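# Quick one, fold the following:
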Amino acid sequence: MFNIRDLFQWESFVTPSMIKIFYWLALAVAVLTGLRGLVAGLFDMTSSLLGGLLEIIGALLVMVIGIIMARIAAEFVLIVFRINEHLGEIRRQGEPR
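Here you go, the predicted structure:
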C-alpha cells in the first residue's frame, strides 16, 4: 500500500499503487462526458431530431471509447512496471553469490 515516506525515498515506485485512482478518475470523466453529451443530444432533439440522435450516438461512442482507452492506458503503465520487476528479478538471479 502507499506510504507517505515512499514519496521521499527512491526504493519503490509510487505509480503502481496510485494507478487505480487515476483509472477511476479517467473512468468518471469518460462517463460524465458521455452523460453530458446525452443530455445535450436530448435538448438538441427539440430543434433537430436527426441532429439530436446523432449527438446521442456520438456521446455513447465517446463514453465507450473513453472507458476502453482509460483501461488500456492503466494496463500499459502497470505492464511497464511489471516488466521492470521481472527484469530486476532476472538480474538478481544472474548475479554471483
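
# In which helix or strand does the residue most central in space within the chain reside?
Centroid-nearest residue in the chain, with CA atoms, centre = their mean: residue 70, separated by 2.9 Å. Secondary-structure assignment from DSSP states H and E places residue 70 in helix 49-94.

# packing partners for that helix?
The contact analysis (3 or more CB pairs under 8 Å, 6 or more residues apart in numbering; DSSP states H and E) places helix 49-94 against helix 15-44. The C-beta positions use only the backbone N, C-alpha and C, and glycine is treated the same way.

# Could you list every helix and strand in contact with the helix it packs on?
helix 49-94.

# now the angle from the helix it packs on to helix 15-44?
Angle, helix 49-94 to helix 15-44, by axes from the mean of the first three to the mean of the last three CA atoms, to 10 degrees: 170 degrees.

# count of residues packed around residue 72?
10 (other CB atoms under 10 Å).

# From residue 79, how far out is it?
For residue 72, the distance to residue 79 equals 10 Å [CB to CB, to the nearest Å].
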